[in-house]
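Peer 1: sequence and predicted structure below; questions after.
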Amino acid sequence: MLVLVAPGQGAQTPGFLTPWLELPGAADRVAAWSDAIGLDLAHYGTKADADEIRDTAVAQPLLVAAGLLSAAALGDITPGAVAGHSVGEFTAAVFAGVLDDTAALGLVRKRGLAMAEAASVTETGMAALLGGDPDVSVAHLEKLGLTPANINGAGQIVAAGTLEQLAALAEDKPEGVRKVIALKVAGAFHTHHMAPAVERLAVAARDLAPADPTTAYVSNRDGRTVTGGAEVLERLVGQVANPVRWDLCMETFKELGVTALIEVCPGGTLTGLAKRALPGVKPLALKTPDDLDAARELAATASESAADAVGA
């Protein structure tokens, strides 16, 4: 089985959209999305610097647009499941047929603006902890007043809180943690600091009519497969202020019998986690269009294996 996954904020790098816009029809599609949400996605994906695309209100729709564009370039593949990390869940919701691309990007644009506004109230941020025992790390973070905002599996937890709390963490790492790395995000996402954004997003979501997923949709909240479109949308709203449990998503991938994982552009983060946490699963990241042929081959092999398993 193939799972198609989408990365979250922090995966963006300056110019990463440039080669994708050279594909037939890609520039027109991005231009239409830009007009729909009032944001020049092509500019930010090709010419903007790291600080500009670190802006939450820019990064989030840019990442979703890149994921949708790269997935469309793959052509007709049939994943057995889809999932996304944080804002990548909106990309996955399009893959699953819950929202169309314009609706998802419109909601993400509002999400980014609301989260940026919430982040401006207090100086906050996030940092990744590499290594260590998860239980020990979580207890240590709570002692410092930090939130384990992302529990990613493969020995990685992301802490979120005020800059003062993060500075204290850098000076006082949990036992066994090798390194603390500040992330390229502009706030303490998936914590109580984002509560005002949840309220605004809930209001915006009332105008949407989500469909039930046509593909297994694995949720960040608890790794559970969600079958109702209304529940997917409710979870998308609530996850802004709640931890991402990517570790549980990967546990579900195991239970579903996933054998291959393709991470859409800008891929790399989730394939890295899969390499460490999902032995036997073949991961592939879509970084540039040069990766498309290998991804199509991997998807075809996974489909053939799934068909053989059913036939057996």
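Peer 2: Structure received.

Peer 1: where does pLDDT dip in this protein?
Peer 2: 305-312 (pLDDT under 70).

Peer 1: could you pull out the helices for it?
Peer 2: Using DSSP state H, the helices of the chain run over 26-37, 41-46, 50-54, 56-74, 88-95, 101-119, 134-143, 163-171, 195-205, 229-238, 246-256, 269-277, 292-311.

Peer 1: and the ones you listed: which comes nearest residue 13?
Peer 2: Among the helices of the chain, helix 50-54 comes nearest to residue 13, with 7.4 Å by Cβ to Cβ. Where you see a C-beta, it was placed from the backbone N, CA and C, and this is true even at glycine.

Peer 1: list the buried ones in that closest one?
Peer 2: Going by neighbour count (16 or more other Cβ atoms under 10 Å), the buried part of helix 50-54 is 53-54.

Peer 1: and it, C-alpha only, in PDB?
Peer 2: Below are the C-alpha coordinates for helix 50-54, written out as PDB (Å, rounded to 0.1, in the frame of the first residue of the first chain):
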ATOM      1  CA  ALA A  50      13.900  33.000   3.900                       C
ATOM      2  CA  ASP A  51      12.500  35.600   6.200                       C
ATOM      3  CA  GLU A  52       9.700  36.400   3.900                       C
ATOM      4  CA  ILE A  53       8.500  32.800   3.500                       C
ATOM      5  CA  ARG A  54       9.000  32.300   7.200                       C
END
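
Peer 1: next, the buried residues of stretch 93-109.
Peer 2: Buried residues in stretch 93-109 (16+ other Cβ under 10 Å): 93-99, 101, 103-109.

Peer 1: residues contacting it, please?
Peer 2: Contacts to stretch 93-109, defined as Cβ atoms under 8 Å, 6 or more residues apart in numbering, come from residues 4, 6, 33, 36-39, 57, 60-61, 64-65, 68, 71, 79, 82, 84, 87, 90-91, 201, 204-205, 208, 210-217, 229, 232-233, 236.

Peer 1: ok, 6 Å please
Peer 2: 4, 33, 36-37, 60-61, 64, 68, 82, 90, 204, 208, 210-211, 213-215, 217, 229, 232 (Cβ atoms under 6 Å, 6 or more residues apart in numbering).

Peer 1: likewise for stretch 298-306?
Peer 2: 1-2, 77-78, 259-260, 284.

Peer 1: same deal with stretch 59-73?
Peer 2: Applying Cβ under 6 Å, 6+ apart, the set of residues contacting stretch 59-73 is 6, 9, 12, 17, 20, 23, 26, 33, 37, 39, 41, 44-45, 53, 87, 90-91, 94, 101, 105, 108-109, 112, 264-265, 286, 292.

Peer 1: okay, it in PDB with CA atoms only?
Peer 2: Output in PDB follows, covering the C-alpha atoms of stretch 59-73 (Å, rounded to 0.1, in the frame of the first residue of the first chain):
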ATOM      1  CA  ALA A  59       4.300  29.900   4.400                       C
ATOM      2  CA  GLN A  60       1.100  28.000   5.000                       C
ATOM      3  CA  PRO A  61      -0.700  28.600   1.700                       C
ATOM      4  CA  LEU A  62       2.600  28.300  -0.100                       C
ATOM      5  CA  LEU A  63       3.300  24.900   1.300                       C
ATOM      6  CA  VAL A  64      -0.200  23.600   0.500                       C
ATOM      7  CA  ALA A  65       0.000  25.000  -3.100                       C
ATOM      8  CA  ALA A  66       3.300  23.300  -3.600                       C
ATOM      9  CA  GLY A  67       2.000  20.000  -2.300                       C
ATOM     10  CA  LEU A  68      -1.100  20.100  -4.600                       C
ATOM     11  CA  LEU A  69       1.000  21.100  -7.600                       C
ATOM     12  CA  SER A  70       3.500  18.300  -7.100                       C
ATOM     13  CA  ALA A  71       0.800  15.700  -6.500                       C
ATOM     14  CA  ALA A  72      -1.000  16.800  -9.700                       C
ATOM     15  CA  ALA A  73       2.300  16.400 -11.600                       C
END
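
Peer 1: hmm, back to that, got a quick PyMOL command for the buried subset of the contacts of stretch 298-306?
Peer 2: Those of the contacts of stretch 298-306 that count as buried under 16+ other Cβ under 10 Å are selected in PyMOL with:
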select buried, resi 1+2+77+259+260+284
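
Peer 1: could you dump the contacts of stretch 298-306 to CSV with distance to residue 128?
Peer 2: As requested, the contacts of stretch 298-306 are exported to CSV (distance: Cβ to Cβ, whole Å):
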residue, distance to residue 128
1, 29
2, 27
77, 30
78, 33
259, 28
260, 26
284, 23
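
Peer 1: sort out for me which of the contacts of stretch 298-306 are in strands.
Peer 2: 2, 260, 284 (DSSP state E).

Peer 1: dump the helices of the chain into CSV; add distance to residue 149 as well.
Peer 2: Formatted as CSV, the helices of the chain follow (distance: least, Cβ to Cβ, whole Å):
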stretch, distance to residue 149
helix 26-37, 26
helix 41-46, 25
helix 50-54, 17
helix 56-74, 14
helix 88-95, 14
helix 101-119, 13
helix 134-143, 9
helix 163-171, 11
helix 195-205, 14
helix 229-238, 14
helix 246-256, 11
helix 269-277, 15
helix 292-311, 30
